[in-house]
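**Q** give the three-dimensional model of this entry:
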Amino acid sequence: MKIAIFGASGATGRLLTKRCFDAGYEVTALLRHPETFPLRIAVHAVNGSVFDPAAVAQTIEGADVVLSALGAKSLKKEDVLERAVPVIVAAMQQKGVRRIIVLGSAGAKPDALDKQPAWRRWIVEHLVYNTFLKWPVASQRAQYAALSASDLDWTMAMPPMLTNSRGRGKWRIDPDALPPNASRISREDVADFMMQQINNPQWIKKAVYIAW
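**A** Residues are numbered from 1 along each chain as shown. All right, here's what the predicted structure looks like:
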């Protein structure tokens, strides 16, 4: 199995990279600074930017599955996903690679809070999604729009707040909204869920909420 990874140097991306290596997969990662990547011996590194179509196409070449843990690194307007996801989608279509599994966030769809108490829904919508996380949420919505408009076999994992704590090995998933009173989940558990989707067709062409 050949895996292409974007966002490998991020906190969740490193977890995905290690899991792919441990599973015996052949991994190609697009990296801006391969020499500083802590798992560089575990991957075939392509040096370049995710905004460069040539570098993205080189990373995807020959892959069976694409994993992406790309996302905003700050609360500022970065447009990473707005710019990068269309490039990845186009390269996959050009190379004939169909399967992509991406890290999203709960704010990517407007139905995220439908199963939460009214008070919490108001706080998150008005104080978090529309102010504090305004730009990261906009990027995630752009990622969802680009994937859902494509003909790829995509899956988008949509967690609430990610933690760096140890994974529990269990979680709640829901295709319609965040599970009731869901507020967080570890990166380890999200990485494990994403890895499970490599050979699981259940959530193809779907975005799924995942939380403790």
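
**Q** and what about residue 46, helix, strand or coil?
**A** Using DSSP: H, G, I helix; E, B strand; the rest coil, the structure places residue 46 in strand.

**Q** now do the same contact list for it.
**A** With contacts defined as Cβ atoms under 8 Å, 6 or more residues apart in numbering, residue 46 is in contact with 28-31, 55, 58-59. Yep, even glycine has a C-beta here, placed from its N, CA and C like the rest.

**Q** with distance to residue 84 and secondary structure added, can I get those residues in JSON lines?
**A** Converted to JSON lines, those look like this (distance: Cβ to Cβ, whole Å; DSSP: H, G, I helix; E, B strand; the rest coil):
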{"residue": "28", "distance to residue 84": "16", "secondary structure": "strand"}
{"residue": "29", "distance to residue 84": "14", "secondary structure": "strand"}
{"residue": "30", "distance to residue 84": "10", "secondary structure": "strand"}
{"residue": "31", "distance to residue 84": "14", "secondary structure": "strand"}
{"residue": "55", "distance to residue 84": "11", "secondary structure": "helix"}
{"residue": "58", "distance to residue 84": "15", "secondary structure": "helix"}
{"residue": "59", "distance to residue 84": "12", "secondary structure": "helix"}
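
**Q** not counting sequence-adjacent ones, nearest residue to the most centrally placed residue in the chain?
**A** Residue closest to the average C-alpha location in the chain (Cα atoms, centre = their mean): residue 103, at 1.5 Å. Using Cβ to Cβ, 6 or more residues apart in numbering and skipping the chain neighbours, the partner closest in space to residue 103 is residue 69 (4.6 Å).

**Q** swap in residue 45?
**A** Per Cβ to Cβ, 6+ apart, closest to residue 45 is residue 34, 3.8 Å.

**Q** pLDDT at the one you found, what is it?
**A** We have a pLDDT of 94 for residue 34.

**Q** quick one: it and residue 44 touch, right?
**A** No - Residue 34 lies out of contact with residue 44 (Cβ atoms under 8 Å); the separation is 9.7 Å.

**Q** count of neighbours near the spatially closest residue to residue 162 that is not a sequence neighbour?
**A** Spatial nearest neighbour of residue 162, excluding adjacent residues (Cβ to Cβ, 6+ apart): residue 187 at 5.1 Å. Applying other Cβ atoms under 10 Å, we find 22 residues neighbouring residue 187.

**Q** wait, what's in contact with residue 187?
**A** 11-12, 15, 162-164, 167 are the contacts of residue 187 under Cβ under 8 Å, 6+ apart.

**Q** swap the cut-off to 10 Å and go again
**A** Neighbouring residues of residue 187 by Cβ atoms under 10 Å, 6 or more residues apart in numbering: 10-16, 69, 103, 159, 162-165, 167.

**Q** name the SS class of the nearest residue to residue 42 once chain neighbours are set aside, please.
**A** Of all residues not flanking residue 42 in the chain, residue 21 sits nearest, at 3.9 Å (Cβ to Cβ, 6+ apart). Three-state assignment for residue 21 (three-state DSSP): helix.

**Q** quick check: next helix or strand after the helix or strand of the chain with the lowest mean pLDDT?
**A** With mean pLDDT, DSSP states H and E as the measure, the helix or strand of the chain carrying the lowest mean pLDDT is helix 118-123 (a mean of 86). Next helix or strand after helix 118-123 toward the C-terminus (DSSP states H and E): helix 134-148.
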